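> Here is the input, now give the coordinates:
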Amino acid sequence: MRFERREHRSTLLVIATPILAVIAALAIAGLLIAAAGAPVFEAYWKILTSAFGSRLSATETLTRASPLILTGLAAAVAFRARLWNIGGEGQFYLGAIAAAAASAHLFAGLPSLLQIPLLFVVGAFAGMVLLLIPLWLRLRFSVDEVVTTLLLNFVALLFVSMLIDGVLKDPAAFGWPQSEAVDAAARLPKMLARSRLHIGLGIAVVIAFLIYFVQTRTVFGVQSRAAGLNPSGAVFAGVPLGRTLVIVAMISGGLAGLAGTIEVLGVKGYVTTDLSPGYGYSGIVVAMLANLNPLGVVLAALFTATMFVGADGMSRSMGIPTYIADVTVALSLLSMLVAVFFTQYRIRR
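Numbering: from 1, shown residues only. As a prediction, the model looks like this:
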């Protein structure tokens, strides 16, 4: 018995892969729910109703999906070019603190139409810089970016912690370590009144379509895919590999930084060290579930947000630990990796 690479992958197979991976993950997680003594189908129904059963829960799920779309796009763009950006969490935080500081000190008093776009640029630039450092180390010294981007997450979080407990600390926070609040004009408009859902969701979806267009309809999109499929072949074909990876890093890091910016401007209004419940790491799962497709990232982010929000309601009503959501998302990733392997290879006896 041996594995043989498929010469052609049908569209149906590519579409069915993430669906089958999620079904397999839910089936395995169902065994854990049953072991906890709860009815499996009732638990999953409770997750669904807790995520979309009311106006409040539905808007909360969509609010959680917004940063997941952007961090998922950040990972998908980088991974397609074989740039292993594991540093989305650090880029998220750096984008958030840069935007908060700029709003409180540089752009305070500017009108919303001018201030918000400027803060988007500042946050994206901060995330971009944090990814360009590991890329430079890779191109100059062949340092593995998996290690450097991962470790920079901790550096970035400690740096943010130092700032919000020092020069950027809010004097009105009664000693609690948090940054100064962003200017009122910098807050993102709400999509629905009396909810936390803001226009960041629409911005994230529009960006997903723009990334899809760039990857499928532009020369740069072809170059980035070629860099990921076969770097040596891409260089032989005349693709400027170094320049292509720099642009990819700028887009990927910028998207992660923008996610942090949108979260702080749209939801909290200030930065704390618990601003992200792991959006940067979850973005990797979202990207893999979407098979690195920008449009699929939107659906994968919605699924992940549904699991996280719905698991809270299920836990309260059925006494099942909320960690079942983390287990299900992790199992979805593992199932997706196995499924992707079998879309590329078939078993020959």
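> Which elements pack onto the top helix by length along the chain?
Using DSSP state H, we find that the single longest helix of the chain is helix 112-141. If contacts are counted by 3 or more C-beta pairs under 8 Å, 6 or more residues apart in numbering; DSSP states H and E, helix 112-141 sits against helix 88-101, helix 145-164, helix 241-263. Where you see a C-beta, it was placed from the backbone N, CA and C, and this is true even at glycine.
> Tell me which of these sits most buried.
Mean neighbour count, computed with mean count of other C-beta atoms under 10 Å, is highest for helix 88-101 among those, reaching a mean of 31.
> about what we covered before: tell me how far the longest helix of the chain is from the chain's mean position?
In terms of C-alpha atoms, centre = their mean, to the nearest Å, the centre of helix 112-141 is found 16 Å from the chain centre.
> Report the angle between that helix and helix 145-164.
Angle between the axes of helix 112-141 and helix 145-164 is 140 degrees (criterion: axes from the mean of the first three to the mean of the last three C-alpha atoms, to 10 degrees).
> Next, name the residue at the spatial heart of this protein.
In the chain, the residue lying closest to the centroid (C-alpha atoms, centre = their mean) is T71, at 2.1 Å.
> where's that one relative to Q115, distance?
24 Å (C-beta to C-beta, to the nearest Å).
> Next secondary structure element downstream of the helix or strand hosting A25?
Per DSSP states H and E: A25 is located in helix 11-35. Downstream of helix 11-35, the next assigned helix or strand under DSSP H and E is helix 40-52.
> Return the set of buried residues in the next helix or strand after that following helix.
Remark: after helix 40-52, the chain's next helix or strand is helix 55-80, criterion DSSP H and E. By neighbour count with 16 or more other C-beta atoms under 10 Å, helix 55-80 contains the buried residues 57-80.
> Check stretch 208-216 too.
A208, I211, Y212, V214, Q215.
> What strand or helix carries the third one?
Just to be clear, that refers to Y212. Per DSSP H and E: helix 200-217 holds Y212.
> Now for the closest residue in space to L241 that isn't next to it in sequence, how many residues are close by?
Of all residues not flanking L241 in the chain, V235 sits nearest, at 5.2 Å (C-beta to C-beta, 6 or more residues apart in numbering). If you count neighbours by other C-beta atoms under 10 Å, V235 ends up with 14.
> my guess is V235 meets G242, correct?
No. Contact criterion C-beta atoms under 8 Å: V235 and G242 do not qualify, at 9.5 Å.
> what's the overlap in contacts for the two?
Common contacts of V235 and G242 (C-beta atoms under 8 Å, 6 or more residues apart in numbering): none found.
> Relative to S50, how far out is A27?
20 Å.
> Compare those two (neighbour count), which wins?
S50 (22 against 12).
> Hmm, N293 is touching A76, no?
Yes. Contact criterion C-beta under 8 Å: N293 and A76 qualify, at 7.3 Å.
> my guess is G200 meets G260, correct?
No. If you go by C-beta under 8 Å, G200 and G260 don't touch, sitting 11.0 Å apart.
> what's the overlap in contacts for these two?
P67.
> in what helix or strand does F3 lie?
strand 2-5.
> quick revisit: mind listing what's buried along the longest helix of the chain?
Applying 16+ other C-beta under 10 Å to helix 112-141 flags 115-116, 118-131, 133-135, 137-138 as buried.
> A strand includes R346, no?
Yes. Counting by DSSP: H, G, I helix; E, B strand; the rest coil, R346 falls inside a strand.
> Identify the residues contacting it.
F3, E4, R6.
> can you redo these as JSON lines with distance to V309 and neighbour count?
Shown next, in JSON lines, are these (distance: C-beta to C-beta, whole Å; neighbours: other C-beta atoms under 10 Å):
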{"residue": "F3", "distance to V309": "39", "neighbour count": "11"}
{"residue": "E4", "distance to V309": "42", "neighbour count": "9"}
{"residue": "R6", "distance to V309": "37", "neighbour count": "12"}
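> would TSV of these with distance to V248 be doable?
Output for those, formatted as TSV (distance: C-beta to C-beta, whole Å):
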residue	distance to V248
F3	30
E4	31
R6	27
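> mind putting those residues in TSV, pLDDT and distance to K169 included?
Written out in TSV, the entries for those read as follows (pLDDT from 0 to 100; distance: C-beta to C-beta, whole Å):
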residue	pLDDT	distance to K169
F3	79	56
E4	80	60
R6	78	56
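> Out of these, which is nearest to L265?
Taking C-beta to C-beta as the measure, L265 sits nearest to R6 out of the contacts of R346, at 45.1 Å.
> from what I can see the closest one touches R348, true?
No. Using C-beta under 8 Å, R6 makes no contact with R348, being 11.0 Å away.
> Using CSV, list the CA coordinates for the strand holding F3.
Extracted in CSV, the C-alpha atoms of strand 2-5 (Å, rounded to 0.1, in the frame of the first residue of the first chain):
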residue,chain,number,x,y,z
ARG,A,2,1.3,3.4,-0.9
PHE,A,3,0.2,7.0,-1.2
GLU,A,4,0.0,8.5,-4.7
ARG,A,5,-0.5,12.2,-5.5
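> Touching it from outside, list them.
Q344, Y345, R346, I347, R348.
> ok, now which ones touch the closest residue to R138 other than its chain neighbours?
Nearest residue to R138 in three dimensions, chain neighbours excluded: E145, at 4.9 Å (C-beta to C-beta, 6+ apart). The contact partners of E145, by C-beta under 8 Å, 6+ apart, come to L83, W84, N85, I86, P134, L135, L137, R138.
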